[in-house]
Structure formats: structure tokens, C-alpha cells
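*Asks:* Here is my input, please return the structure:
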Amino acid sequence: MGESSDSVEEDATKKEERDAAESPPPASPKVEPTHGSLFETSSSVPASPDVVSNTSSLVVDGLLFHRIGAQTSATSPPSLLHSSLNCTLHTSPPSSTPTIILDLVPGRGRAGDVYSDSTGLLAVKLIEPREDDVYNALYDSDACEAIRRYESRLQEAIREVAAYQKLQACRFVPAFYGCFERVDEDSYRNLMLVMERVAGNHIAEEDLPKLINMIEYAVRAVHRYGVLHGDVRPANILLAQYKIVLVDFGRSRLDPDASQAEMETSRVRYLQRWAIKM
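*Replies:* Alright, predicted model coming up:
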């Protein structure tokens, strides 16, 4: 009777060992990248403002982006939707390629989502297809309408790049480190703008009256560099260490005439009157 009991216990032990060997190991807790990782980046160089300014490519959450040349980024390419990149989607980058790990999402703009990086030094705006860029038979007149929406967002991003390039010496805008692109799995062009992350907050509407002179001064400074912002409103104005910083130049215009510049300045003054009436 004792031998039979020992045999049963031995069989049960062997079964447990066999089941443990066949079962997958428990998943280790980790933070998944925002966009599915294609490359191993553990040996890559962490990105810093100086590194980003001088690199020709970046790995962002495992996805490889290439810098767009100044001439391409400042003017519309023959095709906004499809990249002119002569590269393969799954080409592995060298281990020395700088790496950005996306962290928080400070905001969602018309053109793209704006992320912070893991160091807190960079702001990264990604322009890639969204759910509303997919054809919807209920709302879209034809299949090309969704494509036109995405092309419009790409155009805004290209316009913003051109503005930042003219404003590199202006202290009232974030430092701009470059524009990069990739081709996604559907052969669509994705853009990425990398700039300084401003340590500030959007101004509150009730603070507009006491800050209006500073805002007007910043807007006029941008005009002197040959750029019309095109969308001056509280959501696009930051207050950082007692300084006004203008962001989101997606509706900007280059080389405005005097009347266009004065009209935008007048709109800034209207913001003050509007805030006082509230």
C-alpha cells in the first residue's frame, strides 16, 4: 500500500514538471512602445538636442526615421502622401543611430500628436494616419476624401517646418531640431518634427489682459522674421519663465505684407477685449 502511494506521488510530481516545461514563462512587466518596435535599440545612442540637430536618422520607439533635407522640407514635394525616400521599411539602423523613447502626450493638434521624450528635453510631433483618415462611406463623398484629409495634415506640417526654419534665431518660438520621415507599412509618408520641449504652461484666458502686451510683442517679433503665425489663440501660447512662446505654426504664412501682419496684430488686441468681456 505504501509503495502504491509513493508511485502516485511520483507520477504527480512528474506531471507537474512536464506541465511547467510546456507552459510559457510569465510575461515580464514592461512598458510597450507607443508604436510597435521594429528594431532592437538597446545599444543605440540616446538622443539629445545637439545629437538630433546633427543626425541624419533617428529611431523613435523602434521605428526608423530619416531627416528631410532643407529644400524638401521647406517646399511641397511632388507627392505629399507618398515619400520620395529610397529605403526599405524594415532596414535595420546601425547601432549608433540616436534613439528617442516617447513618453507623455502633452497635446493633440490638428496635424499630429505632440509627445514628450523620456528625457523631458524634446517635443516630438508625429504626423501619421489617424482613424478619421480612413474612408467612411457614410460621410465621405468618394474614396479620395480620406486621402485628401491626410494630405492636408501633411501640408500643415510642411508649412510649420518652413516657418520654424525661418524662426531659428527668434527667442519667442521653441528651438527646432529637424524634420524626419519614414514610410509606414501601408506605404504612407509619416512625418516627425523634433523641437525643444518648452517648460511652460498654456496661458489661461483670464490672464490674457495682463499678458496681452507681451503676446503682441512676441507676435510682432515673429513678423520681423518674415512669418505670419496664422492662428494666435490661448491654445498656441505658452508662458515659460515670464516669457511668451508661440507654438503650432501649421497655419503660418511666409513673407506676409504689412497689412497681413497688422491684421494679425489687431486680432491679438481683440483677444484682450474678448477676455475682458467674459
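*Asks:* Contacts for the helix or strand that Arg220 is a member of, please.
*Replies:* When elements are assigned from DSSP states H and E, Arg220 belongs to helix 208-224. When contacts are defined by CB atoms under 8 Å, 6 or more residues apart in numbering, helix 208-224 is touched by residues 167, 170-173, 203, 228-229, 232, 234, 237, 239, 243-246, 256, 261, 264-265, 268-269, 271-272, 274-276. Just so you know, the C-beta spots here come from the backbone N, C-alpha and C atoms, and that holds for glycine as well.
*Asks:* Just the ones of those in strands?
*Replies:* Judged by DSSP state E, those include Leu228, Ile237, Leu239, Lys243, Ile244, Val245, Leu246 as members of strands.
*Asks:* Present those residues as JSON lines; the columns should include neighbour count, pLDDT and distance to Gly120.
*Replies:* Shown next, in JSON lines, are those (neighbours: other CB atoms under 10 Å; pLDDT from 0 to 100; distance: CB to CB, whole Å):
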{"residue": "Leu228", "neighbour count": "22", "pLDDT": "98", "distance to Gly120": "31"}
{"residue": "Ile237", "neighbour count": "27", "pLDDT": "95", "distance to Gly120": "21"}
{"residue": "Leu239", "neighbour count": "18", "pLDDT": "95", "distance to Gly120": "18"}
{"residue": "Lys243", "neighbour count": "13", "pLDDT": "95", "distance to Gly120": "19"}
{"residue": "Ile244", "neighbour count": "22", "pLDDT": "97", "distance to Gly120": "21"}
{"residue": "Val245", "neighbour count": "19", "pLDDT": "98", "distance to Gly120": "16"}
{"residue": "Leu246", "neighbour count": "24", "pLDDT": "98", "distance to Gly120": "21"}
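*Asks:* Could you find which two of these are furthest from each other?
*Replies:* Of all pairs drawn from the ones in strands among the contacts of helix 208-224, the greatest distance, 21.9 Å, lies between Leu228 and Leu239 (CB to CB).
*Asks:* ok, back up a step: which of the ones in strands among the contacts of helix 208-224 lies closest to Asn54?
*Replies:* Val245 (23.9 Å).
*Asks:* Which residue is the nearest non-sequential neighbour of that closest one?
*Replies:* Nearest residue to Val245, sequence neighbours excluded (CB to CB, 6 or more residues apart in numbering): Leu238, at 4.3 Å.
*Asks:* can you check Asp255 too?
*Replies:* Closest to Asp255 by CB to CB, 6+ apart is Gly226, at 5.1 Å.
*Asks:* And for Ser56?
*Replies:* The shortest distance from Ser56 to any residue other than its chain neighbours is 5.0 Å, reached at Arg67 (CB to CB, 6+ apart).
*Asks:* Against Arg273, how distant is the one you found?
*Replies:* Applying CB to CB, to the nearest Å, the value for Arg67 to Arg273 is 44 Å.
*Asks:* Neighbour count for these two, which is higher?
*Replies:* For Arg67 versus Arg273, the count of surrounding residues by other CB atoms under 10 Å is larger for Arg67: 21 against 11.
*Asks:* residue boundaries of the helices in the stretch 51-200 of the chain?
*Replies:* Counting by DSSP state H, counting those that start in this stretch, one finds helices in the stretch 51-200 of the chain at the ranges 70-74, 144-166.
*Asks:* Per the annotation, how does this protein divide into domains?
*Replies:* 45-196, 201-277 (automatic domain parsing).
*Asks:* which stretch in those domains is the model least sure about?
*Replies:* Ranked by mean pLDDT, the domains of the chain bottom out at domain 45-196, which scores a mean of 82.
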